[in-house]
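Student: With the sequence up front, the predicted model follows.
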Amino acid sequence: MRRTPVTLTLAAILSAHAAADPGTDFFENKVRPLLAQRCSECHSAEKKVKGGLRLDSREAWIKGGDTGPAITPGQPEASLLIEAVRYANRDLQMPPKQKLPGGEIAILEQWIAMGAPDPRSDDAPKTKQRGLSLEEGRKFWCYQPLHKADPPNVQHADWPLTAIDRFLLARMEKDGIQAAPDATLPVLARRLSFALTGLPPSPEQVDTLLTDTQTQGRNNALSKMVDELLASPHFGETWGSHWLDIARFAESSGGGRTLLFKDAWRYRDYVRESFNSGLPIHQFIREQIAGDLLPHKDTDEQRRHLIATGFLALGPTNYEEQYKQQLRFDIIDEQIDTLGRSLLGQTLGCARCHDHKFDPVPQHDYYALAGIFASTRTLHNYTDNVARWITHPLPAAPEDEPALQAHEQHIASLQSELKAAQTALAKASKNVAEASSSPGRPIAPSELPGIVLDDQDAKVVGQWKHSTHVRSYVGKGYLTDDNKEKGACTITFTPQIPKTARYDLRLAYAHAQGRANNVRINILHADGEDTVFIDQSGPPPIDGRFVSLGKFRFEKDGAGYVLISNADTKGYVTVDALQLIEEDAPPSPALATTTGAPSKNPASKTPQPPKEKDSPERARVKSVEAEIKNLTTKGPKRDTAMIVREDDAIADTQIRVRGIERQRGPSVPRGFLQVALAGPAPALPAKQSGRLELAEWLVSSDNPLTARVLVNRVWFWLFGAGIVRTVDNFGTTGELPTHPELLDHLALQFIQEGWNLKTLVREIVLSRAWQLSVQPPSKQDPENHLFARANRRRLNAEEIRDAILHASGRIDLAQGGPNIAGAGDIDANTSSAQNIEYAYQFTDLRRSFYTPAFRNKRLEAFEVFDFANINQPVGQRNVSTVAPQALYLLNSPFVRDQARAAAQRTMALAASDPERIDAAYMRILGRQPSERERTLCTQYLATNDPGIEGWTQIHQMLFASIDFRYLD
Amino acid sequence: MNPAFPSRRRALQSLGCGFGYLALAGLASQQNARAASAANPLAPRAPHHKPRAKRIIFLFMQGGVSHVDSFDYKPALLEQDGRMLDFNDLRSIAKDGKSPQQRVMKPLWNFAQHGRSGMWGSDLFPEICKHMDDLCLIRSMHTEGIAHGPATLFLHTGSTNFIRPSMGSWLSYGLGSENENLPAFVSLSPSLGNGGPRNYGNAFLPAVYQGTAIGRPGVPAKDATIGNLRNPGSPEEARRQFALLQDLNAEQLRSKPGESELEAVINSYELAWRMQGAAPATLDIDSESPETRALYGIGEKTTDNFGRQCLLARRLCESGVRFVQVNYSDNSNNPAWDQHSNIKKHGDHAAAVDKPIAGLLADLKQRGLLEDTIVWWGGEFGRTPYAEKNGTGRDHNPAGFSLWVAGGGFKPGHVHGETDEFGHHAVTDKVHMHDLHATLLHALGLDHEKLTYRYAGRDFRLTDVHGHVVHELFS
């Protein structure tokens, strides 16, 4: 090891001084070289200080690292250092590459037992403060209260139409920049229509704007068009899709084992309806954070409130994470990150492991928020092998509720009836079994229906004894563990499955006195692994031989097994045979035999005479089962939603050191971001999570972030650039606002006008600044920070697809509702649910807003054209220009098919080539062709097929053209 | 061409010519498009230091190959077969903190020493074992994630749960592409499950660094291709239609001069047109000699599919693709090698991949490509040395497993690290998956601590705050 001369000298002096002290001697001779060789690379001021731990002085190791003191002098067993070098804990093993030799571990143990004498003193510089302190942070612009400023005076007083224009123009005048000319009406018609509804204007809409301008003037005509577009039901779809991006909306979990979110569409509809109906945005936020805790005036509102909380549940959760505390924590982390970015413009995730390195967000605040979400329940339970979200029954409309409840009660009573019938059947079977347990009752596997595996076909592990004592066995006898070697004996059946189906799985056992009542059985089936316990202390309920283990799906030739273990059992465990009966198999005479009482003539395979029909008890069970099935499939169904709710335990949570779930630090009271609190920290209720208070704080006047962030997003969605360009990051690593007064003006006005989205949108699009023309970049302001011209905007993935479908006339404008066939009533954690996603064919022609949003399988056009990454909140999508986009427009069957349909439409509309060319341009590009364009198309038709083929090709190339892909 | 020093001519050529990326790195955010320098984000970039290798072929054995049945020879398993012993079973501990006793299960395949190096390998992979002297075997791997999803994501992205770019995306970002008509990062037949597209996703990196999937599980490799490469019309029709588009676009651009973004769109059509002509030839393995095809087992029922993928991987590498992942995988929740029961089925999977992999190694070697190509073989974790309760299968084991790398400057015929006497936990010279990532990046000339990307207010890297380069693996 390299040491500085100073340290060397110091060490020499110290060791000389302490020569007489045996402790120090031991340290110098044994411990110091060991630490130098094994530890100092990562734990010394000279090299690295990993995990905050230095081992180069007594002060340093007493203070310890992120996990606390490394050494407790005199107590090796209590010292983390010893735990680490012993490699006992997989999360804390040092040195990381290789365990120390036993002798060296002994040296460290001995040294600590001696009281850990260490003469080295701390001469390293103290670690510096990270990030901004809270006081410094409060001075940063985004954490300051909203500041009211009047629109400034401008020199060209006749230019501004609105207050927005005055703010913008004042800055342009200050910088000596001239605003661009106004855009033409056809350009504005297309710009407005896409901005507010995501669809191109119809030729009629463009005409109306032109005529209205002549009769009412330009501003009135535009204002009228804006009002019509805002009232369109498509407003909620387009603006809803903006929100879904930042809500990282998806209809499956993605991640590891992707699970289908069958109810996610209700959240999508909630968002759409909220935007269409003009729900105030602060209420929209409250509902998504704490809808379940809000009062509601009627069932309809209650449903909306519950559905809204799906916002917190829709993340890309790895439900199969085996360490369930880790899973809970991952979900909390995702919720905080999403909340921070979408509503607060903060990168809160940075404070998970340590105080934020740049922003005034201490780790404390992160865990204050984490406590709120830790007291919130997002998972159905915390024990499932593959966990699940909460699927919550929704109240029905008051007029439907009584019928629905009656239906549910009917089913519930049938279910208790079924239980009673099953008990009666078991009792009857017991009698039969007892009656039939006399010698001579064995049955051959070949006499039984379904797939039968005798114990001889099973893999046997441990000492099992063959027996024929209880005579009602299958095959040549059965196996018993003889009540010995508990935990060491298993029997595994591995059936060959001839056909993919659900099977009723039945196990035969030999009943007698002293049997175990908790035999553990593991079943690996096509949809995962399950564990069931059976009670062998009573007689087998089915035919006195079998007990049903439940119904499971197995795939043809797929992996699957049934494992019976004698672990943790008291009493004898017996295993006789396994039977699989295909569910819904056509009833066969043989089936009637097994489902009935044991046959008196097991050799008979011929159709059973009438006397062999079901016993009254079995007939009763079957009829009740059938009735339940009939009612559940045909009767009314209760709607369900993906929600979060309050957890059973409400508690503060502990800091996780370095973000590692298992490394718990001190507990932190639940709360919000301190830097963005104007007053004292609000007290949170002891018996509620604090989500309601969080929701109120998010939209309160004490919080300067939410309104600013939202107004800036709206501005970004309309202008293509925010006043703060980093729309998801208002922190110190983000950009500063170009027009801070304007941002605050808009935010205050937004609040004052009741957080009304449509009012804000209207205000912006009717400003003169929004209606400017696109111009080439100016030298003074190449990035258009001053909004002195319009930004050319590329159509996004959904707009391209919708506009193509619109031009072809094939678009299906149906609104709302689910859009994944087969997802309605399916168990998400099954291969069949996953196969809906994996094998999905995107063939519907509905607006892209409704296109199934699978995390592991996207619509090709979405992948190609930079649809947002739906695994994380995205305020601003990537924009790329890549060849696959060109290939898609040139070659994809979808574009070709739609071009053909559009061509047919055009050809039907007009008879002459020039008229058709005009019509095609008007429909696809929203304008007339130039002379040169007309000539190009005419020439093309002259040298190619002048019929449908040629017209299809022209339409397709218009879809591929620049003017289609961009909005001026 | 040395990617470190692209000539001016090369730089101009590649301007606007990476895989479909047409100029304008700064287009990533529209509002600063005007300020963006017209540079191609996929142009070859200078590495941080002199690289040992130029490219990687990753043979992903999805589901987790049993190391104790293949490359990690543990006599103790034979001696103690069937005994109930204490093991720290990670799954049980994750669930309830307890670990019941487990039954030792011996390997089902016989081990022998191979080659001059005398490295141990079992007859599960007889053909690969013939190349033992070319392999650098790491027997002390350990990783994160007990279930497939988390562990598979960790293998590809360095995180079990966060949304992070995959390793191939980091490489494309760090080094760019050497071919203007092909992607820098290709994944052959990737699974839709267990992470799915996230395993080759760019996450927050620009979309241009995303992996391109060719084919998918269940679709025969011979039918796999890049999407939309074929025009439905005749070549002549396609040419005329394309000419019309260029004319229409030129006319539209005339009224908007000096718009580099729009020019990039026009260039993208030209590039697409060239790709349409050139890429199918690269993807067409029928042009290979019968001897070469036979070497990979193409034409034989068991090996045809994976053989085609391996041969395509070689062809893509020759064409300048940086990172080719060859997936032996499927979409199920118990993918391919996941033998919780009936470990014998490992034999079927080995039969499907053994000859193609050996063929790939031999072929790369005879072409001199192995020198600067890393072949990386492995799964997301290994398997337990003890049986599942059914007595016939093994559970997942992220605490200790084996994988190998070959070529690209790694020590041939070398064994690194050890697991404990049963092969359960790595104990000597442990190599964490973060370390492997750091080491592979290092081999390609990238410093894993310097290869960062600023996103959401901070710098991210493949290895988070972890990872050490394992220099001992390099020759």
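Tutor: Looks like it came in fine.
Student: Closest residue of the stretch 101-250 of chain A to chain B?
Tutor: Per C-beta to the nearest C-beta, residue A:248 is where the stretch 101-250 of chain A lies closest to chain B, at 9.2 Å. Bear in mind the C-beta positions are built from the backbone N, C-alpha and C, glycine included.
Student: Any buried residues in stretch A:649-657, and which?
Tutor: A:650, A:652-657 (16 or more other C-beta atoms under 10 Å in any protein chain shown).
Student: Pipe these into CSV and attach pLDDT per row.
Tutor: Listed next are the buried residues of stretch A:649-657 as CSV, based on pLDDT from 0 to 100:
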residue, pLDDT
A:650, 94
A:652, 94
A:653, 94
A:654, 93
A:655, 91
A:656, 90
A:657, 86
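Student: how about residue B:445, what does it touch?
Tutor: B:4, B:47-52, B:175 (C-beta atoms under 8 Å, 6 or more residues apart in numbering or on different chains).
Student: do that again at 7 Å, thanks
Tutor: Neighbouring residues of residue B:445 by C-beta atoms under 7 Å, 6 or more residues apart in numbering or on different chains: B:47-51.
Student: Relative to chain A, which of those is nearest.
Tutor: In terms of C-beta to the nearest C-beta, no member of those lies closer to chain A than residue B:48, at 19.4 Å.
Student: Skip the chain neighbours and tell me the closest residue to that closest one.
Tutor: residue B:447 (4.4 Å; C-beta to C-beta, 6 or more residues apart in numbering or on different chains).
Student: was I right about the one you found contacting residue B:50?
Tutor: No: distance between residue B:447 and residue B:50: 11.9 Å, which falls outside the contact criterion (C-beta atoms under 7 Å).
Student: Have a look at these two and say which one is more surrounded.
Tutor: A count of neighbours by other C-beta atoms under 10 Å in any protein chain shown puts residue B:447 above the other of residue B:447 and residue B:50, at 16 against 8.
Student: Give me the three-state assignment for that one.
Tutor: coil (DSSP: H, G, I helix; E, B strand; the rest coil).
Student: and if you look at residue A:551?
Tutor: Following three-state DSSP, the label given to residue A:551 is strand.
Student: who in the stretch 351-475 of chain B is up against chain A?
Tutor: Applying C-beta under 7 Å from any C-beta of the partner chain, we find that the stretch 351-475 of chain B lies next to chain A at B:389-392, B:399, B:427-430, B:456-458.
Student: Number of residues surrounding the closest residue to residue B:227 other than its chain neighbours?
Tutor: In space, and not counting its chain neighbours, residue B:227 is closest to residue A:860: 6.5 Å by C-beta to C-beta, 6+ apart. Residue A:860 has 16 neighbouring residues, counting by other C-beta under 10 Å.
Student: quick one, phi psi at residue A:860?
Tutor: Dihedral pair for residue A:860: phi -60, psi -40, per degrees, to the nearest 10.
Student: Ok, residue B:368 next?
Tutor: phi 70, psi 10.
Student: Okay, it and residue A:733: tell me how far apart.
Tutor: According to C-beta to C-beta, to the nearest Å, residue B:368 and residue A:733 sit 47 Å apart.
Student: TSV please, covering the buried residues of stretch A:649-657 and showing secondary structure and distance to chain B.
Tutor: As requested, the buried residues of stretch A:649-657 are exported to TSV (DSSP: H, G, I helix; E, B strand; the rest coil; distance: C-beta to the nearest C-beta, whole Å):
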residue	secondary structure	distance to chain B
A:650	coil	24
A:652	coil	23
A:653	strand	18
A:654	strand	18
A:655	strand	18
A:656	strand	14
A:657	helix	14
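Student: Looking at the residues you listed, which is nearest residue A:759?
Tutor: Closest approach to residue A:759 among the buried residues of stretch A:649-657 (C-beta to C-beta): residue A:650, at 38.5 Å.
Student: Quick check: chain neighbours aside, which residue is closest to the closest one?
Tutor: Take residue A:650 and drop its neighbours on the chain: the residue closest to it by C-beta to C-beta, 6+ apart is residue A:375, 4.4 Å away.
Student: Residue A:541 too?
Tutor: With C-beta to C-beta, 6+ apart as the criterion, residue A:541 has its nearest non-adjacent residue at 3.9 Å, and that residue is residue A:426.
Student: Now do the phi/psi pair for that neighbour.
Tutor: Here is the backbone geometry of residue A:426 (degrees, to the nearest 10): phi -60, psi -40.
Student: burial of it, as a residue count?
Tutor: For residue A:426, the neighbour count with other C-beta under 10 Å is 20.
Student: Any stretches of the stretch 51-200 of chain A with poor pLDDT?
Tutor: Along the stretch 51-200 of chain A, the model assigns pLDDT under 70 to residues A:123-130.
Student: swap in chain A?
Tutor: A:1-20, A:123-130, A:429-440, A:584-613.
Student: Need the nearest residue in space to the residue in it positioned nearest to chain B, chain neighbours excluded.
Tutor: Residue nearest to chain B within chain A: residue A:256 (1.1 Å; C-beta to the nearest C-beta). Setting aside the residues directly before and after it, residue A:256 is nearest to residue B:149 in space (C-beta to C-beta, 6+ apart), at 1.1 Å.
Student: I'd like to know how far the residue located most distally from the centre of chain B sits from residue B:472.
Tutor: No residue in chain B sits farther from the centre than residue B:255, which is 46.2 Å out by C-alpha atoms, centre = their mean. Distance, residue B:255 to residue B:472, using C-beta to C-beta: 63 Å.
Student: residue contacts, the closest residue to chain A within the stretch 101-250 of chain B?
Tutor: Nearest to chain A, among the residues of the stretch 101-250 of chain B, is residue B:149, at 1.1 Å (C-beta to the nearest C-beta). Neighbouring residues of residue B:149 by C-beta under 7 Å, 6+ apart: A:255-257, A:318, A:320, B:194-195.
Student: Among those, which pair sits farthest apart?
Tutor: Maximum pairwise distance among the contacts of residue B:149 (C-beta to C-beta): 11.1 Å, between A:320 and B:195.
Student: more neighbours, these two?
Tutor: Per other C-beta under 10 Å, whichever of residue A:320 and residue B:195 has more neighbours is residue B:195, with 31 against 25.
Student: Looking at residue B:368 and residue A:733, which one has more neighbours?
Tutor: Each of residue B:368 and residue A:733 has its neighbours counted (other C-beta under 10 Å); residue A:733 has more, 17 against 9.
Student: re earlier: mind checking which of the residues of the stretch 351-475 of chain B next to chain A are buried?
Tutor: Buried, going by 16+ other C-beta under 10 Å: B:389-392, B:399, B:427, B:429-430, B:456-458, out of these.
Student: Can you tell me which of those residues comes closest to residue B:211?
Tutor: Minimum separation from residue B:211 among these (C-beta to C-beta) is found for residue B:456, which lies at 22.0 Å.
Student: Nearest residue to that closest one in space, please, no chain neighbours.
Tutor: Take residue B:456 and drop its neighbours on the chain: the residue closest to it by C-beta to C-beta, 6+ apart is residue A:347, 4.7 Å away.
Student: And the one you found, how far from residue A:147?
Tutor: Here the criterion is C-beta to C-beta. By it, residue A:347 lies 24 Å from residue A:147.
Student: Out of those two, name the residue with the larger neighbour count.
Tutor: Ranked by neighbour count (other C-beta under 10 Å), residue A:347 and residue A:147 place residue A:347 first, with 25 against 14.
Student: Need the residues that contact stretch B:48-60.
Tutor: With C-beta under 7 Å, 6+ apart as the test, stretch B:48-60 has contacts from B:313, B:317, B:321-329, B:357, B:372-377, B:408-409, B:440, B:443-447, B:450, B:474.
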